[in-house]
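**Student:** Here's my sequence, what's the structure:
(one chain, ligands or ions: 3)
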Amino acid sequence: MKTIILKFGGTSVGSIERIKKVSQIIYQYKKKGNKVVVVSSAMSGVTNDLIKKSKLISKDFERAEYDVLVSTGEQAACALIAGRLNHLGLKARSWMSWQIPILTDGPYSNARINKIISKQLLKYLNSGGIPIITGFQGINNLSRLTTIGRSGSDASAIMIAKNLNASECIIYTDVEGIYTTDPRFHKRAKKINQIEYDEILEMASLGSKVMQPNSVQDAKLNNIDVIVKSSFVNKPGTLITKSFKKKDFGNQIITGISSTKNDVKITIAGVKDKPGVAAYIFEPLSKNLINVDMVVQNISLNGKETDLTFTIKSEDLKRTEKIIRENKNIFYKKLSFDKNLAKISIIGVGMITTPGTTYRMFKALASKKINIMVISTSEIKISVLISSKFIKKAIAVLHKEFNLD
Ligand code: ADP
Ligand code: ASP
Ligand code: MG
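**Tutor:** Numbering: from 1, shown residues only. Ligands and ions are numbered 1, 2, ... in the order given. So this is what the prediction gives:
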């Protein structure tokens, strides 16, 4: 008998009608004789709404209470699914993370699942029941509720698949699979049949919202195949798996294009060019959990001073500015900010063996008069920072240039 994990995202359980629809999907898997485990997100919009409420109560909402609050959406969705399955005559019940329990490490709001004690869960599964488990939440060693980062239900599903040694882990969402770029943003995006962990890991980390980055890392580390597909239409989705030999490899260097917006570029001009300066700048930012992304240091012309440029998200700008201005350990001539920027990235393992990809990317952007402000590369991706007003144009020209249309 196969064990199958079915994870439903917010839109898939976004209304009573949708919950009835996904209950039918669950019903079909069960009728085929599988052991079925369900992981659900909150109904779409619910988590955002709870976050807004927390801000109205206090700008400094206590972190542990914040996690209790924002994880409640999953509880409601799970009870509704279980209720519908019971209505259809199936044995099903909801499981909160603390009832299993799902144990986590790390800070509130950004914990990671490190252990699942599945004895009770297995007993229930073996008795023919369908457990409906809250995604996104866990408990820590103080027995307090934790959450594992926005979109964390993907990671919950993958860790449960690992723990139960499941044959399949299917992430049901509102698009037909993973596309070459966000299909809601670029109508020529194409569905990808099969993608490697490393590629989707880069895509997810660089802004493709379809999978949560931590969840892909968990899948990769544990060698779990994941299928991403639609709960709206019954069509084959995308298989996320280990490295494989690609057909049409010669033609396709790039697998996907990701983008982020609301990036801000900060330049600290005229800082001393000596060891330790960069550490002095970035240490307090890191302590305040400010995520620094692209970093460039200019070559010092006089050997004494240099300019340091880096990017952050716009929501962190105020705090970052304050931290830099109050930093007594650094001296500089000028601090400047460039807002409304976007990062566009092309990703593909094909790039490792194909020279000239960088040049093709820059030439394509230049042909549309798109100015590049910062560049960063790794073995399988190239990212550029541009003005956010050019995002759509940039994606379109790169999609075409790399034969993804
Ligand atoms: P869920 O609520 O099911 O977890 P998400 O909103 O987290 O769904 O992820 C699905 C969304 O991801 C899609 O609606 C789509 O707009 C967006 N997306 C971004 N990049 C991609 C991509 N490369 N392929 C597919 N979807 C993408
Ligand atoms: N409900 C949570 C969120 O909106 C977790 C999830 O959907 O996976 O971030
Ligand atoms: Mg999601």
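
**Student:** Any idea which residue of this structure lies closest to ligand 3?
**Tutor:** Relative to ligand 3, the nearest point of the chain is Ser151 (4.0 Å; C-beta to the ion). For every residue, glycine as well, the C-beta is placed using N, CA and C.

**Student:** I'd like to know how many residues surround the nearest residue to that residue once chain neighbours are set aside.
**Tutor:** Spatial nearest neighbour of Ser151, excluding adjacent residues (C-beta to C-beta, 6 or more residues apart in numbering): Gln212 at 4.0 Å. Neighbourhood size, Gln212 [other C-beta atoms under 10 Å]: 23.

**Student:** Need the per-residue pLDDT for the residue of the chain closest to ligand 3.
**Tutor:** Predicted confidence (pLDDT) for Ser151: 98.

**Student:** hey, where'd the strands end up in the stretch 301-405 of the chain?
**Tutor:** All strands of the stretch 301-405 of the chain, identified by DSSP state E, counting those that start in this stretch, fall at 305-313, 334-347, 374-378, 381-387.

**Student:** now the ones you listed as TSV including mean neighbour count and distance to Leu289?
**Tutor:** Listed next are those as TSV, based on neighbours: other C-beta atoms under 10 Å; distance: least, C-beta to C-beta, whole Å:
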stretch	mean neighbour count	distance to Leu289
strand 305-313	20	11
strand 334-347	19	20
strand 374-378	15	21
strand 381-387	22	22
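
**Student:** Val277 is nearest to which of these?
**Tutor:** Comparing the strands of the stretch 301-405 of the chain by their distance to Val277 (C-beta to C-beta), the top pick is strand 305-313, with 7.8 Å.

**Student:** Get me the contact residues on the stretch 51-200 of the chain for ligand 2.
**Tutor:** By the rule C-beta under 6 Å from any ligand atom, the part of the stretch 51-200 of the chain lying against ligand 2 is Gly73, Gly135, Phe136, Arg150, Ser151, Gly152, Ser153.

**Student:** Out of the strands of the stretch 301-405 of the chain, which is closest to Lys2?
**Tutor:** Using C-beta to C-beta, those put strand 334-347 closest to Lys2, at 32.2 Å.

**Student:** Who are the packing partners of that closest one?
**Tutor:** For strand 334-347, the elements it packs on are helix 197-205, strand 256-272, helix 317-325, strand 381-387, helix 391-401, judged by 3 or more C-beta pairs under 8 Å, 6 or more residues apart in numbering; DSSP states H and E.

**Student:** which residues touch the residue nearest to Ser151?
**Tutor:** Gln212 sits next to Gly149, Arg150, Ser151, Gly152, Ser153, Asp154, Ala155, Ala204 when contact means C-beta atoms under 8 Å, 6 or more residues apart in numbering.

**Student:** Distance check, the residue of the chain positioned farthest from its centre against ligand 2.
**Tutor:** Within the chain, the residue lying farthest from the chain centre (C-alpha atoms, centre = their mean) is Asn302, at 42.4 Å. Going from Asn302 to ligand 2 by C-beta to the nearest ligand atom, to the nearest Å gives 49 Å.

**Student:** And the pLDDT for that residue?
**Tutor:** So Asn302 comes in at 79 (pLDDT).

**Student:** Next one: it from Thr267, what distance?
**Tutor:** From Asn302 across to Thr267, the span is 18 Å (C-beta to C-beta, to the nearest Å).

**Student:** What segments of this structure are helices?
**Tutor:** Using DSSP state H, the helices of the chain run over 16-31, 46-57, 63-70, 72-87, 119-126, 153-163, 197-205, 213-221, 277-287, 317-325, 357-367, 391-401.

**Student:** Switch the ones you listed over to CSV; also include mean neighbour count.
**Tutor:** As requested, the helices of the chain are exported to CSV (neighbours: other C-beta atoms under 10 Å):
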stretch, mean neighbour count
helix 16-31, 17
helix 46-57, 14
helix 63-70, 19
helix 72-87, 21
helix 119-126, 14
helix 153-163, 27
helix 197-205, 24
helix 213-221, 22
helix 277-287, 15
helix 317-325, 14
helix 357-367, 16
helix 391-401, 19
